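Engineer: Any chance you can model this:
(chains A, B, C and D)
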Protein chains: 4
Amino acid sequence: MGESARVPVGIVGASGYGGVQLVRLLLEHPAAELVYLGGDSSAGQLFSDLYPHLGHRLNLVIESIDLDQIAQRCQVVFLSLPNGLAHRMAPELLAKGCKVLDLSADYRFSSLETYTAWYGGERADQAVAESAVYGLPELYRERIADTQLVGCPGCYPTASLLAIAPLLKQGLIASESIIIDAKSGASGGGRQAKTQLLLAEADNSLGAYGVARHRHTPEIEQICSDLAGHDVLVQFTPHLIPMVRGILATVYATLRDPGLTREDLFTIYSAFYRTAGWVKILPGGIYPQTKWAAGTNLCYISVEVDPRTGRVIVLSAIDNLMKGQASQAIQCLNILMNWEEKLGLPNLCFYP
Amino acid sequence: MGESARVPVGIVGASGYGGVQLVRLLLEHPAAELVYLGGDSSAGQLFSDLYPHLGHRLNLVIESIDLDQIAQRCQVVFLSLPNGLAHRMAPELLAKGCKVLDLSADYRFSSLETYTAWYGGERADQAVAESAVYGLPELYRERIADTQLVGCPGCYPTASLLAIAPLLKQGLIASESIIIDAKSGASGGGRQAKTQLLLAEADNSLGAYGVARHRHTPEIEQICSDLAGHDVLVQFTPHLIPMVRGILATVYATLRDPGLTREDLFTIYSAFYRTAGWVKILPGGIYPQTKWAAGTNLCYISVEVDPRTGRVIVLSAIDNLMKGQASQAIQCLNILMNWEEKLGLPNLCFYP
Amino acid sequence: MGESARVPVGIVGASGYGGVQLVRLLLEHPAAELVYLGGDSSAGQLFSDLYPHLGHRLNLVIESIDLDQIAQRCQVVFLSLPNGLAHRMAPELLAKGCKVLDLSADYRFSSLETYTAWYGGERADQAVAESAVYGLPELYRERIADTQLVGCPGCYPTASLLAIAPLLKQGLIASESIIIDAKSGASGGGRQAKTQLLLAEADNSLGAYGVARHRHTPEIEQICSDLAGHDVLVQFTPHLIPMVRGILATVYATLRDPGLTREDLFTIYSAFYRTAGWVKILPGGIYPQTKWAAGTNLCYISVEVDPRTGRVIVLSAIDNLMKGQASQAIQCLNILMNWEEKLGLPNLCFYP
Amino acid sequence: MGESARVPVGIVGASGYGGVQLVRLLLEHPAAELVYLGGDSSAGQLFSDLYPHLGHRLNLVIESIDLDQIAQRCQVVFLSLPNGLAHRMAPELLAKGCKVLDLSADYRFSSLETYTAWYGGERADQAVAESAVYGLPELYRERIADTQLVGCPGCYPTASLLAIAPLLKQGLIASESIIIDAKSGASGGGRQAKTQLLLAEADNSLGAYGVARHRHTPEIEQICSDLAGHDVLVQFTPHLIPMVRGILATVYATLRDPGLTREDLFTIYSAFYRTAGWVKILPGGIYPQTKWAAGTNLCYISVEVDPRTGRVIVLSAIDNLMKGQASQAIQCLNILMNWEEKLGLPNLCFYP
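Structural biologist: Predicted coordinates:
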């Protein structure tokens, strides 16, 4: 494919960690060309002033946000903004013919009622929200291929849902028994300077946050309910881990059939994900390290059964900024554009 | 109390992390005097050759292990050895009149059957094992005061049991619903060089281990059963966190009375631990950081209720090498010797 | 000494890392009593709202800053403020009879010209500045005992000067050859949220900053010149290390007499610091780990000679927040008040 | 280029960190095909048993080392063994027609006398050693293109020499004034379990090692002398940093012409490295973070001048396992095989 044929792509909100991942991935994407970076507070700056290590590869200036301009120059737009901003831009960009991939929470919910209950604010774009597809390709590949607007999943929901989906879809667990104990590196908190994310505060320590009220809870529940065919509530507890990247979700549930073995579940998971090239089911007794997924679009999963308690324990590891955010958005782009799903997506970490 | 009145104390197995914590604490203990260090592989070496930072405070040579010698010179002996060794020494030391505090798993179980099922080996000291008291002072203070042999708790069980005890003791939860998702710093793996504990392997990453089969499970279950008055099984999953010290136990259970609030449970926990100076119940919405407990004998606990799911979530943070190991052993020593319980025990971390 | 006899002490600017260290140390100081905490942005808050782990030990509210009040209630005042604020308060507090220990740069320089050249601002308190004593007890113990105002050293200068002092004082090195390559944990950057100090930015990475222009340079040079008896310039380069606490200064200089051995220098350093209980000279070939000094007032020093190049290499490790800041200020307090120098000062780390 | 055209390549000593980097890079190399993995202690194991994250990409078994076999199946052989083993294999492999890239110290020295003085052992392969080319392409590209045997540089020498080469080559510094203060992540110590490399020991701490006697000293000196045209001694001090990957070399030297500015040196460095695509000279005042180079073959360099002292300070950042080891070996392979130098070499990190 010649340079001339590459599809022009833009990013609004490029200065954060989601933005810099997208930039990095698009710089090496064979079918897309990064032509626009937009931001408000950083408008006028070279992107490489924010990220000097990119100085030798990228010469773009961050521009102030002008939707007309964007729609003229970009066929596809990534919105990588704080929650509550995308819904002010997406409808117009869609109307002007752009395809839109939103990395915030704005288009993850089919019901605006649920959105505003957990995120606040007022919204009047129910129809647009309903047209959005939840960008988890392992579950919704066909619908993504067919949409103009993707609501890209949160990092915790990605790790959690990939872990739990086969169980719920096949009715193997008591759906009220789901507990997700999740652990994330500090980059999940973004690049805004916050005291609790300082190295001096967060390093060499560990704590939970948002217990029983984290906003990723209803997102997980919405998809779990869709998979189960009835309303599902989950217990979700996030923890901040003293590392940069990575999420591990440890998921507990009670098996309906206590006779199921680890080997049975390995077979079931392998079958469920047989067409999902990015999900790797590990052999029995091998548990994933988050760093195996670092810098890749991979999700490593282990399934364990405790015959003493009748529970299944699923471990799911991703890179929160990649499969949990930016590379998953590129995966959606590939599907949306009918490109090979693996284009531009790294699938080997640098270990250790 | 004059120097001359100090009680002579020895440590067998001083070269590991448990040993060096005991040494450090005993050096500042006003009523005990460290007079003996024993070890096999390191016999003949100055202790400060292993830990040069102690060179200005300690001039003891590690001696080979001679039980006669030890019993002659020490009134109290700490055994800080790998599992399966203490039971070869304790009976003789007890017979010679020493008080013994064992930091291994050897004397944590009243039933040798349970011990050998999980730890292997053969044992013939059932009577001695039955005479041992489980060294968790917040639950068994009176019995500790009265014994000659203390089986000091494991690090995970300490954090887990302090979190769960009030709920079980008062019958507030469905006892089959207990899930303990625990996270530990790498010092919990000891000082023996193991590949998976190398900084290059374990740093900037996160993983579970021993899922559904970790040896601290039966230890937790034994005490839970004692508290509940009937057999209790728990789901216990440990994780290795890229930090040096600290354990956080995140404990989930289903409330029998879903109307109980966070405030109710704060009151119940505060009452339960009102005489336990080392357990601090945090105000609602404040979750403990493990580093708050670093270098102290403290356990910080938060209790949260999720009214949506009817579950209680308890967070419990300790220093795995202190309250989870060495300082708890000193706390037991203080009780055993009828000293003030707080002697020589740090209760303020250096933050951050 | 009874409670009633304890000297009332206050801290202005208590909310930062310097403040919380002072609070922690004063809570366990046998001769001082913490009676006042002052701050502007945090006035009205409980100190334990900022640092919940102290909730069980401290019930003080941060008060707005009123110098009259402070002078009435406190015999000694610690100023722990950003540079450029202490000199607006210290003269009045001194006039009202308080003893003042300033942890900022304001009173480290006898010449206000040097101060303003590196720190900016305008000052008219030259006489007060001249009356201040540089609070490095190992070099200026007698003068500290005799002053009303102590300018406590910076963290890097403390580590650097203790490393270099014996060499300069005894004319053993070419004074123009001094290079100080210093490394600090992230807590040295304070508790204000800055992007470059986020865990996600600073962890798993390493970089220099302030090369050839860091403000600690003239401070080091001032004392080096005083020791040498003539003007000395040094090359000073700080680096940010992905850890919370600790400074290591690696100091290079050319020996005037290339025949001097490591053993000679060990003897010279041991003699120089024979009355300095906090400086520990390590045996040949043992190099300090910064964590040996963590949470203590200790400075560990190694001296090495390279006969191939004729250089001496000195390694000096401290806790930047303790000997590099707060515990050194307490050490000065002890001297100032004519108390035992070791009162309330930890001298054993928790290893590992 | 079709699969069939790819050059068969083998690795002897594949189980360590150097090996796994080579494997990872070769798996994505468009012109080379990994056909053989050899090892002694791990022979018979699947490589993915050692590194489970590679299970989905690699199905090779580690074979015992048989030089005949290797030479038959491989056109190029990487030796990634502890020092002192490669010289027992390389002569035979060369004689059988293989090209050999050795990652150990065995073929870094043209003089076996120097080698044995620092590394010990006995060697009789002086002629082979003299035929080897030092694999630093930025300095010896032409000679690498022309050799059958490459002695790949050490990690510290790579960072140090790239920093110092322009200064020495152009006679800009007093060559006796060179001081290299180097800092490395823990993966530099390899994958063998050593106590001092445990996370519990090395994390949250910092120390020097091998002061005035590290084996990379003569390697740096050999190349410095070659560049300067006369014998050069350097002062080299390595430090262990609590992070996984990365080296920062902070290099000090006295300028012969104190009038040279930072801008002058930026120009000189840019010109020196104008054909070196992997060396990036940063704009004035921007200092490299080691993580900018992580997972890439890049070296980021800053040059700073201190007009007060007349010194130049050069900062040089690489990934110790990539440009400092494996990716540099692949770069040499590309040159040796007359392929495009950039084949299969990553040049963008994942930040943060």
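
Engineer: and the stretch 101-250 of chain A, which of its residues are near chain C?
Structural biologist: For the stretch 101-250 of chain A, the residues in contact with chain C (Cβ under 8 Å from any Cβ of the partner chain) are A:185-187, A:189, A:191, A:193-195, A:197-204, A:242-244. Every residue, glycine included, has its C-beta placed from N, CA and C.

Engineer: Name all residues that make contact with residue A:311.
Structural biologist: A:177, A:252-255, A:305, B:179, B:235 (Cβ atoms under 8 Å, 6 or more residues apart in numbering or on different chains).

Engineer: could you pick out which of those residues are near chain D?
Structural biologist: Okay, of those, nothing touches chain D (Cβ under 8 Å from any Cβ).

Engineer: Would you mind giving those as TSV with neighbour count added?
Structural biologist: What follows is the contacts of residue A:311, written out as TSV (neighbours: other Cβ atoms under 10 Å in any protein chain shown):
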residue	neighbour count
A:177	20
A:252	22
A:253	24
A:254	20
A:255	21
A:305	23
B:179	24
B:235	23
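
Engineer: Skipping adjacent residues, who's closest to residue A:174 in space?
Structural biologist: On the basis of Cβ to Cβ, 6 or more residues apart in numbering or on different chains, the spatially nearest residue to residue A:174 that is not a chain neighbour turns out to be residue A:254, at 4.5 Å.

Engineer: so that neighbour, which of the three states?
Structural biologist: strand (DSSP: H, G, I helix; E, B strand; the rest coil).

Engineer: and it, what are its bridge partners?
Structural biologist: residue A:311 (DSSP bridges).

Engineer: doesn't residue A:175 make contact with it?
Structural biologist: No. Counting by Cβ atoms under 8 Å, residue A:254 sits too far from residue A:175 to count as a contact (9.6 Å).

Engineer: so the spatially closest residue to residue A:116 that is not a sequence neighbour is in which element?
Structural biologist: Distance criterion Cβ to Cβ, 6+ apart; nearest residue to residue A:116, sequence neighbours excluded, is residue A:123 at 6.4 Å. Secondary structure assignment for residue A:123, by DSSP states H and E: no helix or strand.

Engineer: what's around residue A:123, how many residues?
Structural biologist: Neighbourhood size, residue A:123 [other Cβ atoms under 10 Å in any protein chain shown]: 17.

Engineer: give the contact list for it.
Structural biologist: Residue A:123 neighbours (Cβ under 8 Å, 6+ apart): A:87, A:112, A:115-116, A:129.

Engineer: quick one: which of the residues of the stretch 101-250 of chain A next to chain C sit in helices?
Structural biologist: A:199-202 (DSSP state H).

Engineer: Any chance of a markdown table for those residues, columns pLDDT and neighbour count?
Structural biologist: Compiled in a markdown table, these are given as follows (pLDDT from 0 to 100; neighbours: other Cβ atoms under 10 Å in any protein chain shown):
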| residue | pLDDT | neighbour count |
| --- | --- | --- |
| A:199 | 98 | 27 |
| A:200 | 98 | 24 |
| A:201 | 98 | 28 |
| A:202 | 98 | 28 |
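
Engineer: Return the closest of these with respect to residue C:45.
Structural biologist: For these, the residue nearest residue C:45 by Cβ to Cβ is residue A:201; the value is 17.7 Å.

Engineer: Return the residues of the stretch 151-300 of chain A in contact with chain B.
Structural biologist: A:176, A:179, A:181, A:183, A:185, A:200-201, A:203-209, A:211-212, A:233-235, A:237, A:239, A:241-246, A:248, A:250, A:252, A:287-291, A:294.

Engineer: Show the buried residues in those.
Structural biologist: A:179, A:181, A:183, A:185, A:200-201, A:203-208, A:211-212, A:233-235, A:237, A:239, A:241-246, A:248, A:250, A:252, A:287-291, A:294 (16 or more other Cβ atoms under 10 Å in any protein chain shown).

Engineer: In strands, which of these fall?
Structural biologist: A:179, A:181, A:183, A:207-208, A:235, A:237, A:239, A:248, A:250, A:252 (DSSP state E).

Engineer: Which parts of chain A are strands?
Structural biologist: With strands called from DSSP E, chain A shows them at A:7-12, A:32-38, A:76-79, A:99-102, A:133-134, A:149-151, A:179-184, A:207-208, A:235-240, A:247-254, A:279-281, A:299-306, A:311-318.

Engineer: near chain D, which residues of the stretch 1-150 of chain A?
Structural biologist: Residues of the stretch 1-150 of chain A lying close to chain D (Cβ under 8 Å from any Cβ) are A:17, A:20-21, A:24, A:27-28, A:51-57.

Engineer: Kindly recompute the last result at 7 Å.
Structural biologist: Within reach of chain D by Cβ under 7 Å from any Cβ of the partner chain, the stretch 1-150 of chain A has these residues: A:17, A:20, A:24, A:27-28, A:51-53, A:56-57.

Engineer: distance of the residue of the stretch 251-352 of chain A found nearest chain C from residue D:351?
Structural biologist: Distance from chain C to each residue of the stretch 251-352 of chain A (Cβ to the nearest Cβ) is smallest for residue A:321, at 9.4 Å. Separation of residue A:321 from residue D:351 (Cβ to Cβ, to the nearest Å): 9 Å.

Engineer: With residue A:101 instead?
Structural biologist: Residue A:101 is 21 Å from residue D:351, by Cβ to Cβ.

Engineer: So in terms of bridging, what pairs with the residue nearest to residue A:253 when sequence neighbours are not counted?
Structural biologist: Using Cβ to Cβ, 6+ apart and skipping the chain neighbours, the partner closest in space to residue A:253 is residue A:173 (4.0 Å). Here residue A:173 sits in beta bridges with residue A:255, going by DSSP bridges.

Engineer: correct me, but residue A:173 touches residue A:254?
Structural biologist: Yes. The pair residue A:173 / residue A:254 is scored as a contact, 6.2 Å apart, by Cβ atoms under 7 Å.

Engineer: Is the residue of the stretch 51-200 of chain A found nearest chain B bridged to anything, and to what?
Structural biologist: In the stretch 51-200 of chain A, the residue found nearest to chain B is residue A:181; the distance is 4.0 Å by Cβ to the nearest Cβ. Taking DSSP bridges as the rule, residue A:181 bridges to residue A:237, residue A:250.

Engineer: Next, the contact list for it, please.
Structural biologist: By Cβ atoms under 7 Å, 6 or more residues apart in numbering or on different chains, residue A:181 lies in contact with A:237, A:250, B:181, B:250.

Engineer: Tell me, how many residues neighbour residue A:17?
Structural biologist: Residues near residue A:17, counting by other Cβ under 10 Å: 23.

Engineer: Same question for the one 10 residues further on.
Structural biologist: Counted with other Cβ under 10 Å, residues neighbouring residue A:27 total 16.

Engineer: Leaving out sequence neighbours, find the closest residue to it.
Structural biologist: residue A:57 (5.8 Å).

Engineer: Quickly note the distance from the one you found to chain C.
Structural biologist: Counting by Cβ to the nearest Cβ, to the nearest Å, the gap from residue A:57 to chain C is 19 Å.
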